[in-house]
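>>> below is the structure, and that's it, no one-letter string:
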Ligand code: SF4
């Protein structure tokens, strides 16, 4: 697994305040006891702060933090994530949190280690909770081999218990080359049989820092996996997707990937492959716009009218959330959960946020530039170039779209989340050597957090490397 910032394609988008308060406590997890062949810790250089967490949060500490948060203070916290269920205090910690914030959804990312039936049963009484389970395989011997899990049966049985106790979860599979395609297919079927909300396949990726780099052809391997997923989508009811989502799928097209069981979308007969044309009368132009329309707060919380193109026919469907928190539509909206932000069970890939290009358009309207250099990732560059060839989303003026290779992290990494400032400086130097200095350089903000990249270098390193004006787009996921 590799570290990604802010990426989640599970359909449950919780209320911002709820996520914030659980997050403000700092991680309730502790050092992960497993040693996966593909663990992202293995692929990080020493400069990157990783989730090796030493201190255990105890109920006493959680109570103190909850008191501060309830009083309107924002304690400094450590948000590094290890393994939640390796913390022996985890259930007591949640109970303390519940005393203060009874309705906040609590999200866990877990390998399933330590997720025994007793703990699942307890979680069922502490709803709303949501788990993202990195199961990877439903075969005990394989899990023992690739994750070095001494008790693989616990995590595999946890999926069954989550279903039995009606605790919602999504499943993740890191499709490392050590996993057979048949094993991946069987794991998808296992997660589907136990009513996962969604299933995500992480296409295998490694950095140059990996001590062992498996010898595989990246695009051939990724293509085989996306082909497998497309085939399985005809067989299973659970939405299945992959990451990076913009490999072999458009980051712009508003096409339904799947529908969550027992959701308004499932009841209305929405189908994978339906292309969204209108949402509540507003024309859908691109994917991220559709996502925003589905969760928009100024529209009704409980209904949407969708018009879709289904195999060339225009079809309208009404999506209606039934009942409030007490209503049980497991797994879409279990009892105790809010329907807000669940996108009515419509499962979309996470698209690129073209709204953010408005910042560039406004800047160019004020002061037109002779040439604008727009930097993007190696993986996404062909699609961004195609977009600019079809339309001029920034208005008139010359725009050069250029990929910044991930030289620092290396390996087969091709995404913007793992670009660092030195990669971007190098791409600017190459462009300027070939085309001269542009007037404006647009850099994706997803490579930076609080003005620094993953290794701590500031964005000012880019600004001082060129005489052009540099515009770092503030939104998280643009052109990456
Ligand atoms: S479960 Fe996650 S953190 Fe733990 S070893 Fe595996 S990849 Fe690393």
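Thanks, I have the structure now. As the structure is a computational prediction, the values presented were derived from the model and not from experiment.
>>> A helix includes residue 288, no?
Yes - per DSSP: H, G, I helix; E, B strand; the rest coil, residue 288 lies within a helix segment.
>>> can you count the residues close to the closest residue to it other than its chain neighbours?
What sits nearest to residue 288 in space, not counting adjacent residues and going by Cβ to Cβ, 6 or more residues apart in numbering, is residue 351, at 3.9 Å. Heads up, the C-betas are built off the backbone N, CA and C, glycines and all. Neighbour count for residue 351, taken as other Cβ atoms under 10 Å: 22.
>>> my read: residue 351 touches residue 286, true?
Yes - counting by Cβ atoms under 8 Å, residue 351 touches residue 286, with 6.5 Å between them.
>>> and for these two, which residues touch both?
Common contacts of residue 351 and residue 286 (Cβ atoms under 8 Å, 6 or more residues apart in numbering): 252, 254.
>>> quick revisit: which SS state does the residue nearest to residue 288 fall under?
coil.
>>> list the contacts for it?
Residue 351 neighbours (Cβ under 8 Å, 6+ apart): 251, 252, 254, 286, 287, 288, 290, 291.
>>> what ranges does the stretch 301-450 of the chain have for its strands?
303-310, 313-320, 346-347, 371-376, 398-403, 440-443 (DSSP state E, counting those that start in this stretch).
>>> list the buried residues of the second one.
Taking 16 or more other Cβ atoms under 10 Å as the neighbour-count basis, strand 313-320 is seen to contain the buried residues 315, 317, 319.
>>> now, among those, which is nearest to the ligand?
residue 319 (35.2 Å; Cβ to the nearest ligand atom).
>>> ok, that closest one touching residue 264?
Yes - counting by Cβ under 8 Å, residue 319 touches residue 264, with 3.8 Å between them.
>>> and for these two, which residues touch both?
Counting by Cβ under 8 Å, 6+ apart, the residues touching both residue 319 and residue 264 are 303, 304, 344, 345.
>>> wait, doesn't the third one sit right on residue 262?
No - counting by Cβ under 8 Å, residue 344 stays clear of residue 262, with 11.6 Å between them.
>>> tell me how far residue 361 lies from residue 463.
21 Å (Cβ to Cβ, to the nearest Å).
>>> for these two, indicate the residue with more neighbours.
The neighbour count for residue 361 versus residue 463, taken as other Cβ under 10 Å, is higher for residue 463 (16 against 13).
>>> wait, that one touches residue 451, no?
No - the criterion here is Cβ under 8 Å, and residue 463 misses it with residue 451 at 10.9 Å.
>>> once you drop chain neighbours, what's closest to residue 352?
residue 251 (4.4 Å).
>>> burial of the residue in the stretch 201-350 of the chain that the ligand sits nearest to, as a residue count?
Using Cβ to the nearest ligand atom, the closest approach of the stretch 201-350 of the chain to the ligand is made by residue 202 at 10.0 Å. As a burial measure, residue 202 scores 20 neighbours (other Cβ under 10 Å).
>>> what's across from it in the sheet?
residue 174, residue 243 (DSSP bridges).
>>> isn't it right up against residue 245?
No - Residue 202 is beyond contact range of residue 245, at 10.7 Å (criterion: Cβ under 8 Å).
>>> interface residues of this protein facing the ligand?
Contact residues (Cβ under 6 Å from any ligand atom) of the chain with the ligand: 1, 32, 34, 35, 36, 39, 41, 111, 134, 147.
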